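Participant: Below are the sequence and a predicted model; questions follow.
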Amino acid sequence: MKIFIIFPKDSEALFNKNSKRTFGGASVQMYNIAKELSNYNNIDVYSIIPEYKQINFDDKDKFRLIKIYNETDNILLKFIKFLKKIFLLRPHAIIQHGLTTESCILAFFCWMLKIKFVFMFAHDVEVRGLRQSDNSKVKLFKLLLKCSYALITQNKYQEQTLLRNYKKNSLILYNGFEIKEKLNLKNKNKFILWVARCDSWKKPDLFIKLAKRNKAIQFVMICPKSSDQKYYDRIQKEAKKIKNLEFIEFVPYYEIEEYFKKALLFVNTSLHEGFPQTFIQAWMFSTPIISLHVNPDEIITKYECGIFCSGDFELMNRGLHRLYSDKVLYKQMAKNAFEYAWKFHNVKNNVKELLSILE
């Protein structure tokens, strides 16, 4: 079987250690899937990326990269180049993650050419036909729903919204990671971690506020730039005023897990998400989560792997103190976090389920 995996345009930092370009969860998920699929002898996996100038990453021997188009190419030119490659290599399936107008057009072409197009929803707004970047309407959304071979959702909200609004069935497939570490709390440092792109809806200002309220505790904020430079400059300026807060603009993908390993707690302040990759990265390294608004499928509360605050900042602050000081409770939640990640987010199991759909 031949499979094309289409990477988002902002995936450069995954394939070039020297790049400091911001990347998102969709890029990470495609990377994990492509890497795991490379272990199957009966599958040829082609990773479709833009024409990045430099390729330099540790897993290069596990990837068959195809540079098809320039990022500056218009949508028509991209499709012409992409279709040429489709006719040349004749893939059986194409997997893409994250809603764009191109997703919809590609689903239609795949339907016409009898190629199995698997679309994976990223953010919760996408199941309403909206772009994650600006909440604008994707006009061809129904074409995507009609022509896709399979729709993959990240949580029950996404699944139920598609069914209720569009009468479309989907499969919930949680994001997967390569989980090697065992439960280990020996290397934990006493710092509180926040990792997200500097978008206003991710509420980085609330993490800064939390650090201000807790001057005796060390905080680490990894906050890559977003498209709003003014907002980023304001957040960076505010963060650097706080003595107990270390502000880091960018950490390469290959180094980020060291922060999750060593963090005592991970904090999420976003107003909404799909299923944050950072949640899984925290849990797989036995790091409990304190989340202000986001609790996909009520996992935080159901599996007791952190504290969900229902939008209450004061509850978040109290929860931080509780987990920071109660060693017995912390150890139990850390154990729950790892066991949950191992059971539901091991990429080996998730890819097997994905292949069962295709086969």
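Facilitator: Happy to help now that I have it. As the structure is a prediction and not an experimental result, all values here were calculated from the model. Residues are numbered from 1 along each chain as shown.
Participant: strand partners of the helix or strand encompassing residue 66, parallel vs antiparallel please.
Facilitator: Per DSSP states H and E: residue 66 is located in strand 65-67. Its sheet considered, strand 65-67 pairs with strand 44-49 (parallel) by DSSP bridges.
Participant: just to revisit the earlier point, next, the buried residues of the next helix or strand after the strand holding residue 66.
Facilitator: Per DSSP H and E, the first helix or strand lying C-terminal to strand 65-67 is helix 75-89. By neighbour count on 16 or more other CB atoms under 10 Å, the buried set for helix 75-89 is 78, 79, 82, 85, 86. Glycine gets a C-beta too; all of them are placed from N, C-alpha and C.
Participant: What's the local residue count around the residue nearest to the fourth one when sequence neighbours are not counted?
Facilitator: By the measure of CB to CB, 6 or more residues apart in numbering, the closest residue to residue 85 outside its immediate chain neighbours is residue 68, 5.6 Å from it. Residues near residue 68, counting by other CB atoms under 10 Å, number 19.
Participant: From the buried residues of helix 75-89, pick the one nearest residue 273.
Facilitator: Nearest to residue 273 among the buried residues of helix 75-89: residue 78, at 28.3 Å, using CB to CB.
Participant: Just confirm residue 171 contacts residue 153, I think it does.
Facilitator: Yes - under the criterion of CB atoms under 8 Å, residue 171 makes contact with residue 153 at 7.1 Å.
Participant: Who has more neighbours out of those two?
Facilitator: residue 153 (27 against 15).
Participant: Just the element for residue 246, please.
Facilitator: Using DSSP H and E, residue 246 sits in strand 245-248.
Participant: Who does that strand pair with, and is each partner parallel or antiparallel?
Facilitator: strand 218-222 (parallel).
Participant: quick one: contacts of the partner strand?
Facilitator: 189-196, 204, 207-208, 210-211, 239, 242, 244-248, 250-251, 256, 259, 263 (CB atoms under 8 Å, 6 or more residues apart in numbering).
Participant: Enumerate the positions of the following helix or strand past that strand that are buried.
Facilitator: For strand 218-222, the following helix or strand on the C-terminal side (DSSP H and E) is helix 229-239. Residues of helix 229-239 classed as buried by neighbour count (16+ other CB under 10 Å): 231, 232, 235, 236, 238, 239.
Participant: returning to what we had before: of the contacts of strand 218-222, buried ones?
Facilitator: Buried among the contacts of strand 218-222 (16+ other CB under 10 Å): 191-196, 204, 207-208, 210-211, 239, 242, 245, 247, 251, 256, 259, 263.
Participant: Can you tell me which of those end up in strands?
Facilitator: Among the buried ones among the contacts of strand 218-222, DSSP state E puts 191, 192, 193, 194, 195, 245, 247 in strands.
Participant: got the contact list for the third one?
Facilitator: Under the criterion of CB under 8 Å, 6+ apart, the neighbours of residue 193 are 219, 220, 222, 259, 260, 263, 265, 266, 267, 282, 287.
Participant: What's the separation between it and residue 220?
Facilitator: To residue 220, residue 193 is 5 Å away according to CB to CB, to the nearest Å.
Participant: same thing with the fifth one?
Facilitator: Using CB to CB, one gets 9 Å for the distance from residue 195 to residue 220.
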